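Novice: Whatever this is, show me its structure:
(3 chains)
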Amino acid sequence: MVDYTFSEEQELFRESIKEFCASEIVPKTEKLENVRCMPKDIIKSLASFELLGLVIDPEYGGLGTDVVTAGIAAEELARADPSCAIPVLYLVETSWGHLLDKYGTEEAKKELFPKIVKGEQIIGIATTESDIGSDLANMKTKISKKGEKYVINGEKMYISAVKEAIEYGGGHVTLARMKPELGTRGMCMFYLPLKGTKGITPTYIEDIGREAISCGGFNIDNVEIPKHYLIGEENKGFYIVHEGYELARGLISLVCAGAASKALENGIAYIKERKAFGREIGKYEGIQFKLAENYVRIQALRELGYKALWTYDRELQGEASRFDVSLAIAMAKSVASKWACEAINDVMQWQGAFGYSKECEDQKAWRGVRSFTLAEGSSEIMKLIIARELLGKEFLAYR
Amino acid sequence: MKIIACIKQVPDTTEVKVDPKTHTLIREGVPSILNPYDHYAVEESVRIREESGEGTVTVITMGPPQARSSLMRCLALGADEAILISDKNFAGSDTWATAYTLSVAIKKIGKFDLVFCGQQAIDGDTAQVGPELAQQLGIPQVTYVEKIELDNKNKLTIHKQTEVGYHILEATAPILLALLPPTSFQPEHPPMSSILKAKKKPFSVWDAKTLGGDISKFGLEGSFTQVIKTYTPPPRCKCEIIEGNTTESAKKLSKILLKHEALITR
Amino acid sequence: MGIEIIIDKCTGCALCIKSCPFSAIKIKNKKAEIQANCTLCGSCVESCKFDAIILRRPKLTNKDLSGYKNVWIFVELREKEIKKVSLELASKAREIADTLKEKVGAVILGEKVKHICDNIASYGVDIIYIAENENLKVYNTNTYNSILTGLILKYKPNIVLFPATHLGRDLAPRVAATLEVGLTADCTGLSIKDGLLLQTRPAFGGNIMADIISPNTRPQMATIRPNVMKIQNPKSTHKAEIVSTPVEIDPKAMRVTIKEIIKTTKTTGKSLDEADIIISGGRGMGSAENFKILEDLAKTLNGVVGASRSAVDAGWRPRTDQVGQSGKTVSPKIYIACGISGKIQHQVGMKSSDTIIAINKDPEAPIFDIANCGIVGDLFEVVPILNEELKKNLGKN
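Specialist: You can find the predicted model right below:
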């Protein structure tokens, strides 16, 4: 048996971030209807509580904490903003900041992190394209060398925080093909600045949820980036991008758990008060069965999520293998959105017609959490990863 | 500038509820927190230390082992060292015995300039430990302190709240101040970097033996007051909502008020 | 420790855990175990069906305490007049002294106080101890403590009562610690039981009541919450003996000195803690100007205007008018809460009021849980009509 208790610092941090969320985040969430671009004061708030540099090396202005601590922040932010907009901003900054920290050049890190950590510029992830999601190796965006620079052409779509990067500053960690004939072995990862970059043309669409963070895409038309923006080695991009996805998926599991936990608390308060046929509806077995089932699943999700992040930490310290990490992370994310959606859906159902109206807070949580069946890797891919780890690579579904 | 801040870990009494059917306290899930008045006292002691340019803030508490988390919070807020005074022999302490125990600890710590504490704890609500401690240390006290300004090393200008406003006082160290936060006070939530620093600061645990002092003066044995019974207060009657439109209900309410003895006996 | 679980009798049923207000009992190895934060209040002893918990009270002292007699009160003044709470204390002291067949003493410190002696005597005081000096005009902990403890050591009262005002809560613990005696804070009930003063007070933000005794030390001291004890009818025929104490104070030796006195309260006449009737406004008031309708109502009722924390935070009313956990605790005869939701932090400050009336638009507002009666409606319509109706009938038109 292993001891999964949180350390004293983690417990103190959880207590403190709960208070931070209560005073700095919750009051601001009331004004986030249809905003479609994260307000700058919220980003600054996150920065002031050191949340945008938690896992980044102290040399560049971060704290260098473990990812379980980052997971605590994800869970508490989701409890404070169940629409998941703020948690999404937090988790992409954390995950892709971490990847830049691990594989980026010294020059890029020294240039970008001071501003990222202070909330002055964004870092996110942009791999998806209009026609490409899971099948990364077939993406259209291409990168080629041009003297001391790289040139990129293509497009990205369904990317979070494009508007924030364009307006406030910053860019995204991006993948493109350098040697298309080599498939996954010919892809590069790099940092692509968006604000004021010649050749970037953004477009925006509206997600059905997470209204406070933008969703959109951009055309990339002969955009040049300096050499030091390459992340990792040339043609090795496909292999390292998964480490960023994995951290993001681990954090997402806790975002789902946090948002669903908050919804269940709302539900419990409701069923204790609401009466039908002469008694509180919480006294009916049918309601109690649903409550128990959802509660068990969300607690299990928390356990899966924290264990996955704990495994991720151990791998960073050389005490676990990539296999352990991939499996643990995929397990958590494979059920995260589904179980959270079910729990929140039941909470909405308990509230009857009110639960179906925009007045009900929980529908925001459902719309937010629903995105995680897709974001940072679909639930279907998670199941394939689990199967691959259990059966062996020769059983890979698509080779 | 050596400041000693006395704190207490308390149940969050704003979260405590009474079961409407059995009229007993529902304590499950009531978190333990740093007494909010003490939180202000600690932040102020750190601020005064910063202003004076040198010195230390030592934060102490008499409590059970779990009070450690409140002391850690104080270290994360900027205090320099923490001492947990904990022993089964302290159980049952009233305010006098608590003040005695703290005074022994402070005398053991040595010379000091200021003792800060919160005006009262939100579970006991007595506001007695501060003045009783000041008496045992032989130093003057100011209670209901809202604001402190350090004039020079041992002189202070203090705003003391009164029922109708405030007094501006001048005082010299050593002195004990019992603080209450102004409405503008926003308690700090320490970020992770402060928490990590807190873990590295000196933390001692003193049991009764280490503390010294007269053991017959600790705990229940040393207390002058005894609680012989606790019970939940009788519930208030159910609220009668006055029916009718605005005018009607206002008129009905005026009739109710006019019948009230407070108005009849005016 | 004075409490013990008899392991053989304990069945691990955990009834004691439910009864403990301090979460100081845990189950270990299927038996109850008392934790270090136990306050020895004894709630668990009563709850145990198997008599498995023993609480050993400390022995009663061998000291002969019979020489301590009489019930004293500390008289607090406000600008040379007696504060209302002092009359409450005098009335209660008279009642207790009658039970004990002892006398009532009153201590008055100030610059010139002889003129109020007849007044305080008419509330049942038998002996008045006065100390007059210009340096006593404004309260100072050390000088007041020194004079009071001198009087107590000399005259040996059985009981000394203080008001639970800012002054009383500063002075009483200092005196208690100087004399090394027991002190109970903020009592809402006093009686004599087995010859001892039984002191009842709220704790846990008012969620529980505690009965307390100080069996082994004299005098038994308590601070009393204002506006709770009834004032008896004064009897002008009741006279008191006056004992004057000479006082010498060196103002240069005072380590704490007053530089300035500032008044911020908007209430005229009585202060919040003395008022019989309080009309309080909360977030629903919307602005500082809107408080005028409450001030008008207060004038009609001879009451005082209070405020919730929301109204004070918004800058509409001064801090001194705030009722609640971080403000004042009040117990008026009538408390009218207008546009106040009634969060726990506010309730803590006013729920021991005799009659609570709530006016709020929101029928779910928690204030209705503790109100005697209420109106669900727009306070801006209700309050002016209420005021007019009252004015008509109180002849103030």
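
Novice: Pull out the buried positions in stretch A:299-309.
Specialist: Residues of stretch A:299-309 classed as buried: A:301-302, A:304-309 (neighbour count, 16 or more other C-beta atoms under 10 Å in any protein chain shown). Using the backbone N, CA and C atoms, a C-beta is placed for each residue, glycine as well.

Novice: Just name the closest of these to chain B, please.
Specialist: Chain B has its nearest neighbour among those in A:Leu309, at 15.5 Å by C-beta to the nearest C-beta.

Novice: you'd agree that closest one is up against A:Ala70?
Specialist: Yes - A:Leu309 is within contact range of A:Ala70, at 7.2 Å (criterion: C-beta atoms under 8 Å).

Novice: From C:Leu190, how far off is C:Ile213?
Specialist: Remark: distance between C:Ile213 and C:Leu190 (C-beta to C-beta, to the nearest Å) = 11 Å.

Novice: can you pull the contacts of A:Arg297?
Specialist: The contact partners of A:Arg297, taken as C-beta atoms under 8 Å, 6 or more residues apart in numbering or on different chains, are A:335, A:339, A:342-343.

Novice: Between these, which sits nearest A:Gly368?
Specialist: Using C-beta to C-beta, A:Ala343 comes nearest to A:Gly368 of those, at 13.2 Å.

Novice: For that closest one, what is the enclosing helix or strand?
Specialist: According to DSSP states H and E, A:Ala343 maps onto helix A:322-350.

Novice: list the buried ones in that helix?
Specialist: Within helix A:322-350, the residues scored as buried using 16+ other C-beta under 10 Å are A:324-348, A:350.

Novice: what do you get for stretch C:165-181?
Specialist: Buried residues in stretch C:165-181, defined by neighbour count with 16+ other C-beta under 10 Å: C:165-179, C:181.

Novice: Indicate whether it makes contact with chain B.
Specialist: Yes - using C-beta under 8 Å from any C-beta of the partner chain, stretch C:165-181 comes into contact with chain B via C:165-166, C:169-170, C:172-174, C:176-178, C:180-181.

Novice: The residue nearest to C:Leu151 when sequence neighbours are not counted: neighbour count?
Specialist: Nearest residue to C:Leu151, sequence neighbours excluded (C-beta to C-beta, 6 or more residues apart in numbering or on different chains): C:Tyr129, at 5.4 Å. Look at C:Tyr129: counted by other C-beta atoms under 10 Å in any protein chain shown, it has 23 neighbours.

Novice: Just confirm C:Tyr129 is within a strand.
Specialist: Yes - counting by DSSP: H, G, I helix; E, B strand; the rest coil, C:Tyr129 is found in a strand.

Novice: partner residues bridging it?
Specialist: Residues in a beta bridge with C:Tyr129, per DSSP bridges, are C:Val107, C:Val243.

Novice: for it, what are its contacts?
Specialist: Here C:Tyr129 is in contact with C:105-108, C:151, C:155, C:243, C:245 (C-beta under 8 Å, 6+ apart).

Novice: Closest to chain B out of those?
Specialist: Nearest to chain B among the contacts of C:Tyr129 is C:Leu151, at 17.1 Å by C-beta to the nearest C-beta.

Novice: who's in contact with the closest one?
Specialist: In this structure, C:Leu151 makes contact with C:107, C:129, C:245, judged by C-beta under 8 Å, 6+ apart.

Novice: Could you measure from the residue most central in space within chain C over to chain A?
Specialist: Among the residues of chain C, C:Arg225 comes closest to the average C-alpha position under C-alpha atoms, centre = their mean, at 1.5 Å. According to C-beta to the nearest C-beta, to the nearest Å, C:Arg225 stands 32 Å off from chain A.

Novice: That residue: what's it in contact with?
Specialist: With C-beta under 8 Å, 6+ apart, C:Arg225 has these contacts: C:164, C:186-188, C:329, C:331, C:352.

Novice: for the contacts of A:Arg297, which one is nearest chain B?
Specialist: Distance to chain B, by C-beta to the nearest C-beta, is smallest for A:Ala343 among the contacts of A:Arg297, at 20.1 Å.

Novice: Could you report the neighbour count for residue 260?
Specialist: No chain was given, so I picked chain A. Using other C-beta under 10 Å, the number of residues around A:Ala260 comes to 33.

Novice: Chain C is the one I meant
Specialist: C:Glu260, neighbours per other C-beta under 10 Å, totals 11.
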